[in-house]
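Undergrad: I would like the atomic coordinates for the input below:
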Amino acid sequence: MYKQCNLTLCATLVIITVAVLAETETKKKANENSRNVTCKGKPMNMAPLMVGHKECHEKIFNKAPLNPRELDDEARKELEKQWAENEMCYNVCIWKKHEIINADGSYDEDGTDKLVKAVFSIEVQADLKKSIDECASENSKSFSMDNKCEGYKGFLDCKMANYFQICEIDPKGQPGM
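TA: As a prediction, the model looks like this:
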């Protein structure tokens, strides 16, 4: 009877261990899939796009980034208000870190070419680069840091519309769209 109890206990432990490992693996795969951003089904290298976010947040908002999930409703509303007022200058700061905008606020074709090549698959690089160049050409006359960097909004809107079209992504399924 003692042996049978040990066998039952061992079998139960094995079943629980397998279940926990299976659940852990499922969560791990879900996390990996949530970070797999694609363009026309090809994975994008997101690492170059992550450059500068913390520094720009600190520069534009004068504080380190906050996790909105850790804020109460009042603090979250204040953060959303600050974000709405400063989002374009934050984007411009990021673009400078990514070298698609020069320090003087003008468009940098070479930096854009390097970024596109670093992030996207070869199949879409030429189309994306051409579309971003065209967006810059159409909107660069309005580039200005005045009025909370609103002169860059047309460039952002054009760039994002082309990205969604070229990469065959439905913008309605994207956050903030």
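Undergrad: Show me the chain divided up by domain.
TA: Using automatic domain parsing, the domain ranges for the chain come out as 2-33, 43-169.
Undergrad: tell me the most buried of these?
TA: Mean neighbour count (mean count of other CB atoms under 10 Å) peaks for domain 43-169 among these, with a mean of 15. Where C-beta positions appear, they are placed from N, C-alpha and C, glycine not excepted.
Undergrad: So for that domain, mean pLDDT?
TA: Regarding domain 43-169, the rounded mean pLDDT is 92.
Undergrad: May I have the distance across that domain, first residue to last?
TA: 13 Å (CA to CA, to the nearest Å).
Undergrad: Please give the centre-to-centre distance between that domain and its chain.
TA: Relative to its parent chain, domain 43-169 has a centroid offset of 10 Å by CA atoms, centre = their mean, to the nearest Å.
Undergrad: can you give me the strands for the chain?
TA: 38-39, 42-43 (DSSP state E).
Undergrad: Single out the most deeply packed of the ones you listed.
TA: strand 38-39 comes out most buried of the strands of the chain by mean count of other CB under 10 Å, with a mean of 16.
Undergrad: which neighbours does that strand have in its sheet, and in what orientation?
TA: Here strand 38-39 has these sheet partners by DSSP bridges: strand 42-43 (antiparallel).
Undergrad: got the contact list for the partner strand?
TA: Residues external to strand 42-43 that are found in contact with it (CB atoms under 8 Å, 6 or more residues apart in numbering): 36-37, 120-121, 123-124.
Undergrad: Narrow those residues to those in helices?
TA: 123-124 (DSSP state H).
Undergrad: Which one of the contacts of strand 42-43 is nearest to residue 87?
TA: residue 37 (20.4 Å; CB to CB).
Undergrad: Who are the contact partners of the closest one?
TA: So residue 37 contacts 43-44, 46 (CB under 8 Å, 6+ apart).
Undergrad: Phi, psi for it please.
TA: With angles defined as degrees, to the nearest 10, residue 37 sits at phi -90, psi 140.
Undergrad: where exactly do the helices run in this protein?
TA: 2-35, 53-61, 73-97, 109-119, 122-139, 146-149, 153-166.
Undergrad: any idea how far residue 91 is from the residue nearest to residue 93 when sequence neighbours are not counted?
TA: For residue 93, ignoring the flanking residues on the chain, the nearest one in space by CB to CB, 6 or more residues apart in numbering is residue 56 at 3.7 Å. Applying CB to CB, to the nearest Å, the value for residue 56 to residue 91 is 9 Å.
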